[in-house]
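Student: Sequence isn't available, so here's the structure alone:
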């Protein structure tokens, strides 16, 4: 059986684009949770990411429910060490390399490292790069770091390559939940061309046109969450777009 990361590499080598649906336990509750689970039962994305910048609800309980009700692969996308859960299939071990706050570069990792290793969960070290999405994001506020300006693709590239050289397995370009604008396609193209590892792009993607643009620019996986918090039924639309996507020769 392939691990989560091997699955990502397999799809990437096959030029198959991937979609991850991001669910925040604090926001995905009540009627929205019921509608989301119904949508996921009908059509599963490649991955279900679980997490948020400031999650107060029980991550364990939320993941247990998802795994009980769906057959989805659940990947933990934690905002801090307190959100770690052994219930997930894999963990994005995020290091906020675009910031200069040591707490989110390595501090949170030291807090959780021993427990994570003992759990035997699949760990995927990921360089997390925050890009200006047109408004202040929760990540900026919580981490007390600044995002990379939208017109500074060279800084994004240098940060991403540094992540690869440090041994991280993936890079995640993030415009922030509910961003006014997604990561610029020029920046995605620049970073994708300079990397040999999978590239994830998320934040501010509100429609399938923007989804295709991210794929066209070189994203291997796109993460969409905010739009599904009010319109869970759109999950099937984004999935159909992802599955029908073909790389231009």
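Tutor: Cool, got the structure. A quick note: this is a predicted structure, and the numbers were derived from the prediction, not measured.
Student: which strands and helices sit next to the longest strand seen in the chain?
Tutor: In the chain, ranked by residue count with DSSP state E as the criterion, the top strand is strand 122-130. Secondary-structure packing of strand 122-130 (3 or more Cβ pairs under 8 Å, 6 or more residues apart in numbering; DSSP states H and E): helix 4-13, strand 90-96, helix 138-143, helix 153-165, strand 170-174. (Glycine included, C-beta is placed from N, CA and C.)
Student: Mind checking the ones you listed for the one nearest to residue 230?
Tutor: Smallest distance to residue 230 across those (Cβ to Cβ): 17.2 Å, for helix 138-143.
Student: how much space between residue 171 and residue 77?
Tutor: According to Cβ to Cβ, to the nearest Å, residue 171 and residue 77 sit 14 Å apart.
Student: what about the helix or strand bottoming out on mean pLDDT in the chain, distance to the chain center?
Tutor: In the chain, no helix or strand scores lower on mean pLDDT, DSSP states H and E than helix 138-143, which sits at a mean of 88. Centroid separation for helix 138-143 versus its chain: 16 Å, with Cα atoms, centre = their mean, to the nearest Å.
Student: Contacts for that helix, please.
Tutor: Helix 138-143 has contacts (Cβ atoms under 8 Å, 6 or more residues apart in numbering) with 52-54, 79-80, 96, 99, 101, 103-104, 130, 145-147, 174, 176-177.
Student: Need the mean per-residue confidence for the strand or helix carrying residue 228.
Tutor: Using DSSP states H and E, residue 228 sits in helix 226-230. Average pLDDT, helix 226-230: 91.
Student: Please name every helix or strand in contact with that helix.
Tutor: Going by 3+ Cβ pairs under 8 Å, 6+ apart, helix 226-230 lies up against strand 18-23, helix 30-42.
Student: Let's have the ones you listed in a markdown table, adding mean neighbour count and mean pLDDT.
Tutor: Listed next are the helices and strands packed on helix 226-230 as a markdown table, based on neighbours: other Cβ atoms under 10 Å; pLDDT from 0 to 100:
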| stretch | mean neighbour count | mean pLDDT |
| --- | --- | --- |
| strand 18-23 | 23 | 97 |
| helix 30-42 | 15 | 93 |
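Student: want to throw these into a markdown table with distance to residue 118?
Tutor: Output for the helices and strands packed on helix 226-230, formatted as a markdown table (distance: least, Cβ to Cβ, whole Å):
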| stretch | distance to residue 118 |
| --- | --- |
| strand 18-23 | 26 |
| helix 30-42 | 30 |
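Student: middle-most residue in this protein, spatially?
Tutor: Nearest to the mean C-alpha position of the chain, by Cα atoms, centre = their mean, lies residue 223 at 5.1 Å.
Student: Report the contact partners of that residue.
Tutor: Residues in contact with residue 223 (Cβ under 8 Å, 6+ apart) are 19-22, 49, 172, 200-203.
Student: Apply 7 Å and report the result again.
Tutor: By Cβ atoms under 7 Å, 6 or more residues apart in numbering, the contact set of residue 223 is 20, 22, 49, 200, 202.
Student: Name the residues linked to it by a beta bridge.
Tutor: Beta-bridge pairing of residue 223 under DSSP bridges involves residue 20, residue 202.
Student: before we move on, the earlier item: now tell me what touches the helix holding residue 228 from outside.
Tutor: For helix 226-230, contacts defined as Cβ under 7 Å, 6+ apart pick out 21, 27-28, 32, 36, 177-178, 206, 234-235.
Student: Can you flag the buried ones in these?
Tutor: By neighbour count, with 16 or more other Cβ atoms under 10 Å, the contacts of helix 226-230 hold 21, 27-28, 32, 36, 177-178, 206, 234-235 as buried.
Student: That's all I had, so thanks and see you.
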